[in-house]
Each structure stands twice: as structure tokens, then as C-alpha cells.
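**Q** Build the 3D model from these lines:
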Amino acid sequence: MANTPSAKKAARKIEQRTAINKARRSRIRSFLRQVEEAIASGDQSAAQNALKVAQPELMRGASKGVMHKNTASRKISRLAQRVKALA
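**A** You can find the predicted model right below:
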């Protein structure tokens, strides 16, 4: 348990930041799931639209520090490849 006032404040800040990051990560996963479902259904136009919406969310997550920039780029690249393969 934090003893000093500054440590208590740091603990509060970490708690808030964790909640924000958790929500952001969950939101990103939801968008990814939508793309995955569209790919699984074989509907290319739906998959393209889902990817178009998911892409900025992934990059926003990377810029906010929820995930690494290269991880986000890799995920986008692999999804785009799979969407293109539906054609």
C-alpha cells in the first residue's frame, strides 16, 4: 500500500490510466472481430468497410501507447492481405 501522498496520487493515476487503456484495447478488439467476421462470411465489401473503420482505431491505439506501432501495422497488413484474397 502506498504511504506517501505522492505514491497515493500515482496509484490513483495508474488506476485511471489502466481503465482507459482497458477500454481502448477492448474497443480495438471489437473492431478487429468485426473484420474477422466479415472475412469469415466471405463478404468482400463488408470486410473492406470493416477494415476501413478498424484501421484508424488500430493506429490510434498505437499512438496512445496501448499497443506498439509495428504491431498495429502488422495487424492491418495481415488483415488487408486476407480481405484482398477474398476477391
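**Q** where's the residue positioned nearest the centre of the chain, which helix or strand?
**A** The C-alpha lying nearest the average C-alpha coordinate of the chain belongs to residue 28 (CA atoms, centre = their mean; 2.9 Å). Using DSSP states H and E, residue 28 maps to helix 5-41.
**Q** hmm, back to that, next one: the residue nearest to the residue nearest to the centre of the chain when sequence neighbours are not counted from residue 6, what distance?
**A** Taking CB to CB, 6 or more residues apart in numbering as the measure, residue 28 lies nearest to residue 61, with 4.8 Å between them; neighbours along the chain are not counted. To be clear about C-beta, it is placed using only N, CA and C from the backbone, and glycine gets the same treatment. Computed as CB to CB, to the nearest Å, the residue 61 to residue 6 distance reads 29 Å.
**Q** okay, the two: which has more neighbours?
**A** In this comparison of residue 61 against residue 6, neighbours counted by other CB atoms under 10 Å, the higher total goes to residue 61 at 23 against 9.
**Q** how about that one, what does it touch?
**A** Each residue near residue 61 by CB atoms under 8 Å, 6 or more residues apart in numbering is listed here: 24-25, 28, 67, 72.
**Q** let's see it at 10 Å
**A** Residues touching residue 61, when contacts are defined by CB atoms under 10 Å, 6 or more residues apart in numbering, comprise 21, 24-25, 27-29, 31, 67-69, 71-72, 75.
**Q** Now for the nearest residue to residue 86 once chain neighbours are set aside, how many residues are close by?
**A** Of all residues beyond its chain neighbours, the one nearest residue 86 is residue 44 (4.1 Å), with distances taken as CB to CB, 6+ apart. A total of 15 residues lie near residue 44 under the criterion other CB under 10 Å.
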